[in-house]
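Engineer: Predicted model, plus sequence, below.
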Amino acid sequence: MILSAPDILILSLYLMIVFGIGIAMSRRASRSTEEFFVSGRSLPWWLVGTSMVATTFAADTPLVVSGLVAQGGIFRNWMWWNWAFGAVLTVFLFAPLWNKARITTDAELIELRYDGKPAQGLRFYRAAWFGIFQNVLVIAWVMRAMAKIILVVMGWDGGTTVLGMQADVFTVLALFAIAVTYTALSGLWGVVVTDVLQFAMAMGGSIYLAVATWSRLGGLDGIVSRLPDSGFNAVEVLRMLPAPDKLFAANPFTEFLLLILVVWWASYQVDGGGYISQRLFAAKDERHSVFAYLWFCVAHICLRPWPWIIVGIGGMALFGQVGDPETYYPMMMKEILPPGIFGLVLASFFAAFMSTIDTQLNWGSSLVVNDLLRRFLWKGRSDRSYMTAARLSVLGLAVLGALVSFAVSDISFAWKLIISITAGIGSVYIARWYWWRVNAWSEISAMVTAGVCTLVFAIMATTDRFAGSPIVQFPYSTVITFFIVVPVWIIVTMLTSPVGDERLVDFYKRVRPGGPGWERIRIKAGVEVPSGTALRTAAKIISGIVLVFATLIGTGSLILGAPRRGLLLLGLAAAAGTALYLLMRGEMKHSGDKRVLNE
C-alpha cells in the first residue's frame, strides 16, 4: 500500500506539531535535571493522569489485545485487566506516599527507606536492572510493535528494501531517530504536554477504526456469523469471563482465578513504582497525585480496551486464521480505512508509540543519571554535566532498544517474561510502606529468588518430563514462584538486622505511612495521626474496584448484545462512583491542606 497525499500530509503535520512542542519545551527542560526528569514537581492531576494513560497506550497494546482474543477469547485480557486491583490500591495507599517522598526516581526510595551497604547495592542494582536491562526490553517490544504495523500497512515483506536497507531495518532506524531527537530535546515537560495530544489522537483513531469495522462487517450479528467460517468458536471468542471448570486442573478458569487472586499483587508494579511513579513525583502535591492515579486507572481499564477488541474480533472474522494474530489490527487498518482517514489513524499509532517510547527513554535516563552516575559512578559534577549525560543516556538506551527489537517476535511473550521474572516482588514492595521491619535484604532476597525460579522453570520447560506442562508456563509458574518468594523474603527479613531507628524516623516524618506496622516508629518520632480512617480507606478501595470492573464489563455487555446486564452493571458503577465521590469529598480541598489521604 502506498500512502496517499492526504495521508502523508497528516503524518507530516503530526510530526511537525510534536517536534514543535519538543523544541518549545527544550529550554524549560534544560534548566535542571529536576525540570528534565520531574517537570519541577508542578503538574496538575489531569495532565499527570492523562500522561499516564497515554504512556500505557503504546503501539504494542492494541496488537497484543487483539492477539490475546484470537488466542482464546476476550477473557484472555484478564492477563492485564487484573492490574486494576492493584491500581485502585495504589490510588489510596501508595500514590500520596510517592509524592510526599520528594524523590526523582523510585530507586532513590531505597536509600530513603533503608540504610547501609545493602541499601547502596540494591539501589545500584535496581537502577541498572529496571533502567537499562528491563527498560531496553520494553523499548524493544514497543519498537517491534510499531515496525509490525508499518510493515503490514505498507505491504512490505522480508524481501522489500527501502533506501538500500531491509524494510524492517529501515523502519526501526526511522523510529529510533524520531524517538531520540524528540525525547532528548524536551525532557518530561515535552513528554507530558504532547501526551495530551497523543492520547486524544490515539483514542480517536482506535474508536474510528472500531466503528468502521463494526459497520463494515454488519455489527455483532455479522461478526458472529463469520467467525465459525473463519475457524473460530464465536461463543468462546466473545466470553468476557472463562467458563467455570475444575479448580485443580490447568484450564482457563483456574488461570483467571490465579490472575485475580494472586498475580496482581505479586507484580512489581503493585505499588505504582517504575515509570508511573515518575509522574507522581511530578504532581503538584499528594492531592493531585491521588486524583491523577484515579483518572489513570479508570481510563486505562474502562475506556481503552473495547475499540481494540472490536477491531481484533473483526479481523478474525474477516481474515480467518493467520500466522501472527498480533497483525489483525494493522490488517484491518489497511483493509477498511480510506485515504486521509488512514493517515490519521496511522498518525494515532505514531502518537501511541511516541507517548510510550519517550516515557521509557526519559525514565531510563533518570535512573542512569540520578541513581548510577550522580550517586555512584560520576559524583560531584555540575547539573549541566548531568543534563548532558541525560541526553546521551537517552541516545544509548534507544540504540540498545532498536538492536534488541530485532530479537522480539512475540510481544505478549515479552509481557509474560517481565511478569514472571518479577513474581512475588510486589509483596515486599507493599510491605516496605507499611511495616518498619522490612529491610534491603528483604527486597534483595525476593528479587534473587524470583530470578532463580524463572530460570529453573525455563530449564524445566526444555526437558522431556516437563515440556508442555502447565506448571512451567504462565501464570502457573508465576504463582508457584510467588509462594516460594514470600516465605523466603520474610525469613530473610527476620534473620537480618533491621534498619536503624534514625533512618526509619526520618522516613516516617517525611512520608507518614499509616497502619499499625509503624506504631513503634510513630511513637519514637512523636507524631500524632488521626484515628478512624482505616474503614473509610477500605470503603474507598472497594468502591473504586466496583466502579472500574462494573464499568468494564457493563460496557462490554452492551457491545456484545446483553443490554440488560450491561445497564445493571453500569448502574452499579454509577452507584460506586457516587459513593467514592462522597467518601473523597472534602478531603484535602486545597493543596495546602495538611491532612493525609491514607492515614
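Structural biologist: Now that the structure is in, tell me what you want to look at. Numbers count the residues shown, from 1 in each chain.
Engineer: Apart from its neighbours in sequence, what residue is nearest V262?
Structural biologist: Nearest non-adjacent residue to V262, counting by CB to CB, 6 or more residues apart in numbering: V479, 5.1 Å away. Every C-beta, even on glycine, is put in place using the N, C-alpha and C of the backbone.
Engineer: Please state the offset of the one helix or strand the one you found maps to from the chain centre?
Structural biologist: For V479, the host element (DSSP states H and E) is helix 476-495. For helix 476-495, the distance from its own C-alpha centre to the chain's C-alpha centre is 24 Å (CA atoms, centre = their mean, to the nearest Å).
Engineer: burial measure for the residue nearest to V262, as a count.
Structural biologist: Applying other CB atoms under 10 Å, we find 22 residues neighbouring V479.
Engineer: mind listing what it touches?
Structural biologist: With contacts taken as CB atoms under 8 Å, 6 or more residues apart in numbering, V479 has the following neighbours: L258, V262, V263, A266, A423.
Engineer: and the next element down the chain from the lowest-mean-pLDDT helix or strand in the chain?
Structural biologist: None of the helices or strands of the chain scores lower by mean pLDDT, DSSP states H and E than helix 411-421, at a mean of 68. Once the chain leaves helix 411-421, the next helix or strand it forms, by DSSP H and E, is helix 425-434.
Engineer: domain ranges for the chain?
Structural biologist: The chain breaks down by automatic domain parsing into domains covering 1-23+43-411, 422-493.
Engineer: Of the ones you listed, flag the one that's most buried.
Structural biologist: Mean neighbour count, computed with mean count of other CB atoms under 10 Å, is highest for domain 1-23+43-411 among these, reaching a mean of 21.
Engineer: Leaving out chain neighbours, which residue sits closest to L303?
Structural biologist: Per CB to CB, 6+ apart, closest to L303 is M203, 7.1 Å.
Engineer: And the pLDDT at the one you found?
Structural biologist: The model reports M203 with a pLDDT of 85.
Engineer: so who does the closest residue to I74 other than its chain neighbours touch?
Structural biologist: For I74, the nearest residue in space outside its immediate sequence neighbours is M240; the separation is 5.2 Å by CB to CB, 6+ apart. Shown in contact with M240 (CB under 8 Å, 6+ apart): I74, F75, I553, G556, S557, L560.
Engineer: what do you get for I341?
Structural biologist: Applying CB under 8 Å, 6+ apart, one finds that I341 lies in contact with Y208.
Engineer: ranges for the strands of this structure?
Structural biologist: With strands called from DSSP state E, the chain shows them at 161-162, 165-166.
Engineer: got these as CSV, with mean pLDDT columns?
Structural biologist: Rendered in CSV, the data for those read as follows (pLDDT from 0 to 100):
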stretch, mean pLDDT
strand 161-162, 73
strand 165-166, 72
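Engineer: ok, the residue nearest to G187 when sequence neighbours are not counted to A292 distance?
Structural biologist: Across the structure, with CB to CB, 6+ apart as the measure, the residue nearest G187 apart from its sequence neighbours is A29 (3.1 Å). Shown here: A29 relative to A292, a distance of 20 Å by CB to CB, to the nearest Å.
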